[in-house]
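Asks: With the sequence up front, the predicted model follows.
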Amino acid sequence: MFVDTHTHISDEAFRGEEEAVIARAQAAGVGIMLQADICRAERSAMYELCARHPGVLYPMIGLHGEEVREDWRDEIDALQDWLPQHPVAVGEIGLDYHWDVTFKEQQKEALRIQFELADKWDLPVNIHLRDATEDFVKIVKDCAHLHLRGNLHAYSGSAETFRELCRYGDWSIGVGGVVTFKNAHLPETVKAVPLDRILLETDAPYMAPAPLRGTRNESANIPIIAAKIAEIKGVPLEKVEQTTTENAIKLFNLCETRSTSQKSS
C-alpha cells in the first residue's frame, strides 16, 4: 500500500468527481490519502469527504501562509473547533513570500502560534515553504524547545538545509511530481536524504509528474513518483513503497487514528 501524504481531493478541481478520483487511487494501490487544509473556507467540505471514507482519507487543520490576511487571528481561533474531529496534523502551514509579502510578519507570527498549537495538541506539522527558507529556519531554531516533528511538503531545498533543520526537530521531506521533472534539482536531494526520512505526496490537483506534467494531478499517480525515487536510490520499488508507508504511519499516527475512524463509522 502507498500513502499520499498531501493531497486536496476536496478542491474545486475535483468537484463532482471525488469518488472516481478516490477509486482510481485505490486501484493504483494508494490506500491512504491525507487531506491538506488551507483555511476555514474549505474545511467543511474536506471533513465531509473524509467522513465518507474513514480509514482512507484523513484531515489536517491549519492556516496556509498565503491565506494569512487581516482576519488571521480569527482563522487560528477557528482551528480549535475542529480538533474533536481527529486531524492527523497541523497543516498545511508555513511561509510563502512568492506572490505577496504584505502580511510577511503576520505569516511568521501565525506559523509560530501554529507550532505551539501542534505541540499542545501533540500533532505533527505539514509545512508549505516557498521563497522564505531563511525565515523558516530561524523560526524552527527559535521553536526547538517544542520538539517539532513533521513533513516538509514539496521540499525544494538542499540536503544541507534539511540536515540543519533536523538539528532542531524531527523532519521528513515530502517528495512529489517535481522529482520526475527534467533538470530538477530535487533528485540530488532525494539521493542524499535517507529513505526513512522520505514521504510520498502528490499535492493533487497540482504538480502532476512527468509524463503527465500540465494535466490535473491525482493520488493515483503516486506509483510514478515512487518509481522515480526507487530509480534514484537504486532500490526496488517495493522497498520505497514499504518504507515510505511505514514513515507515514509513524509520523501521522495512522494506526491509532485509522482504528478510531473505523470504530466511529
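Replies: Perfect, I can see it now.
Asks: Please, where are all the helices along the stretch 101-250 of the chain?
Replies: In the stretch 101-250 of the chain, the helices defined using DSSP state H, counting those that start in this stretch lie at 104-121, 133-142, 159-165, 186-192, 222-233, 237-251.
Asks: how many neighbours does residue 65 have?
Replies: Residue 65 has 28 neighbouring residues, counting by other Cβ atoms under 10 Å. All C-beta atoms are positioned from the backbone trio N, CA, C, and that covers glycine.
Asks: same check, this time on residue 69
Replies: 13.
Asks: Find the nearest non-adjacent residue to it, please.
Replies: Once flanking residues are discounted, residue 69 sits nearest to residue 103: 6.5 Å by Cβ to Cβ, 6 or more residues apart in numbering.
Asks: right, and residue 6 touches residue 174 too?
Replies: Yes. Applying Cβ atoms under 8 Å, one finds residue 6 in contact with residue 174, separated by 5.6 Å.
Asks: one step back: what separation is there between the residue nearest to residue 69 and residue 43?
Replies: 20 Å (Cβ to Cβ, to the nearest Å).
Asks: With residue 209 instead?
Replies: Counting by Cβ to Cβ, the gap between residue 209 and residue 43 amounts to 28 Å.
Asks: now do residue 13
Replies: According to Cβ to Cβ, residue 13 stands 17 Å off from residue 43.
Asks: that older thread, surely the residue nearest to residue 69 meets residue 73?
Replies: No. Taking Cβ under 8 Å as the definition, residue 103 is not a contact partner of residue 73, at 11.9 Å.
Asks: If you count surrounding residues, which of those two has more?
Replies: The neighbour count for residue 103 versus residue 73, taken as other Cβ under 10 Å, is higher for residue 103 (18 against 14).
Asks: check contacts around the more buried one.
Replies: Going by Cβ atoms under 8 Å, 6 or more residues apart in numbering, residue 103 touches 68, 69, 72.
Asks: picking that back up, which stretch among the helices of the stretch 101-250 of the chain is buried most, on average?
Replies: When these are scored by mean count of other Cβ atoms under 10 Å, the highest mean neighbour count falls to helix 222-233 (a mean of 20).
Asks: Give me the contacts around stretch 192-202.
Replies: Contacts for stretch 192-202 (Cβ under 8 Å, 6+ apart): 2-7, 151, 153-154, 159, 162, 166, 171-177, 190, 208, 217-219, 221-222, 225-226, 229, 233, 235, 239-240, 243-244, 246-248, 251.
Asks: residues of that stretch that come out buried?
Replies: For stretch 192-202, the neighbour count (16 or more other Cβ atoms under 10 Å) marks 193, 195, 197, 198, 199, 200, 201, 202 as buried.
Asks: Just the pLDDT for the fifth one.
Replies: At residue 199 the predicted local confidence, pLDDT, stands at 98.
Asks: what's across from it in the sheet?
Replies: Counting by DSSP bridges, residue 199 is bridged to residue 174.
Asks: so how far is residue 113 from it?
Replies: For residue 199 relative to residue 113 (Cβ to Cβ), the value is 25 Å.
Asks: Could you do residue 8 as well?
Replies: Applying Cβ to Cβ, the value for residue 8 to residue 113 is 23 Å.
Asks: you'd agree residue 175 is up against residue 186?
Replies: Yes. Using Cβ under 8 Å, residue 175 makes contact with residue 186 at a distance of 7.0 Å.
Asks: Find residues that contact each of the two.
Replies: Common neighbours of residue 175 and residue 186, counting by Cβ under 8 Å, 6+ apart, are residue 155.
Asks: before we move on, back to that, between the contacts of residue 103, which is nearest residue 133?
Replies: Proximity of those to residue 133 (Cβ to Cβ) peaks at residue 68, which lies at 17.8 Å.
Asks: so how many other residues sit close to that closest one?
Replies: Residue 68: 27 surrounding residues under other Cβ under 10 Å.
Asks: hang on, it packs against residue 110?
Replies: Yes. At 5.2 Å, residue 68 and residue 110 qualify as touching, with contact defined as Cβ under 8 Å.
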